[in-house]
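**Student:** need a structure here:
(one chain, ligands or ions: 2)
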Amino acid sequence: MQHLVAPSLLAANFLRLEEDIRMVNRSEADLFHVDVMDGHFVPNISFGFSIIRQIRSVATKPLDVHLMISEPDRYLEDFRDAGADWLSVHYETCAHLHRSIQRIKSLGMKAGVVINPHNPVSLLSDILPEADHVLLMSVNPGFGGQAFIDSTYNRIRTLHEMKKSLNPGLLIEVDGGVDLQNAPGLVEAGANILVAGSSIFRSDDPAATITRLRRKHPQVPG
Ligand code: DX5
Ligand code: ZN
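**Tutor:** Ligands and ions are numbered 1, 2, ... in the order given. Here you go, the predicted structure:
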């Protein structure tokens, strides 16, 4: 299967957000990755419903909303109403994760589980059959532009093995520090979706970087 690329709007220029969204619309990107941070579960605050609604009004591709918030269950319907097509919640924030995943699906969204780098992927075995995607954090959540954590390769491989028997259709998404250098190895290990913020929006030609990230063997400039 061709892997997907999800540019993270956290790294976009908020003063010309519409322009950046239209660039992603025209590009070969598959999804918009939208990071919601509450200053409680993670030590940073990003944006909320009104911005997501405005992104939705311009975006022509699905919104993959990544909730880095405490008590996400309180807001699942609000995120759907704001325009989320995919919604993922952190394992660490849901006491009744099975219920949360069922609820996200019943609201008509693709349901994802996210885990932090310190949590073993084996924790996901019983929820795996219910999830549409698993988002493996390859940095500690909260900020763009952080260094990629190398143990992620093995975590992807382990999850890739687990999904064969538990949920072959599951998509494995990787988020944090993804760039043209590590992308081929991540796909090789079993990643189906690459989230990338800084490496896209800080590059000279973001649309061309998206195209390269979608290739199996991107030519890394320089
Ligand atoms: C980090 C966010 C990421 C972030 C990725 O907490 O979940 O989606 O935007 O940014 P880069 O690609 O710059 O690491
Ligand atoms: Zn994210």
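
**Student:** The residue in the chain positioned nearest to ligand 2 and residue 205: what is the separation?
**Tutor:** Closest residue of the chain to ligand 2, C-beta to the ion: residue 66 (3.8 Å). C-betas here are computed from N, CA, C, even on glycine. From residue 66 across to residue 205, the span is 25 Å (C-beta to C-beta, to the nearest Å).

**Student:** what do you get for residue 53?
**Tutor:** Distance of residue 53 to residue 205, computed by C-beta to C-beta: 29 Å.

**Student:** count of neighbours near residue 166?
**Tutor:** Using other C-beta atoms under 10 Å, residue 166 has 17 neighbouring residues.

**Student:** how many other residues sit next to the closest residue to it other than its chain neighbours?
**Tutor:** Distances taken as C-beta to C-beta, 6 or more residues apart in numbering put residue 128 closest to residue 166, at 4.3 Å, once the chain neighbours are dropped. Neighbour count of residue 128, defined by other C-beta under 10 Å: 17.

**Student:** Can you verify my assumption that residue 128 contacts residue 134?
**Tutor:** Yes: assessed by C-beta atoms under 8 Å, residue 128 is found in contact with residue 134 at 7.3 Å.

**Student:** quick check, residue 88 in a strand?
**Tutor:** Yes: assignment of residue 88 by DSSP: H, G, I helix; E, B strand; the rest coil places it within a strand.

**Student:** Can you check the pLDDT for it?
**Tutor:** pLDDT recorded at residue 88 is 98.

**Student:** Provide the partner residues of it in its beta bridges.
**Tutor:** Legend: beta-bridge partners of residue 88 under DSSP bridges are residue 66, residue 112.

**Student:** Count the residues that sit near it.
**Tutor:** What residue 88 shows, counting by other C-beta under 10 Å, is a neighbour count of 27.

**Student:** these two touch, right, residue 100 and residue 72?
**Tutor:** Yes: using C-beta under 8 Å, residue 100 is in contact with residue 72, at 6.9 Å.

**Student:** Now do the shared contacts for these two.
**Tutor:** 89, 94 (C-beta atoms under 8 Å, 6 or more residues apart in numbering).
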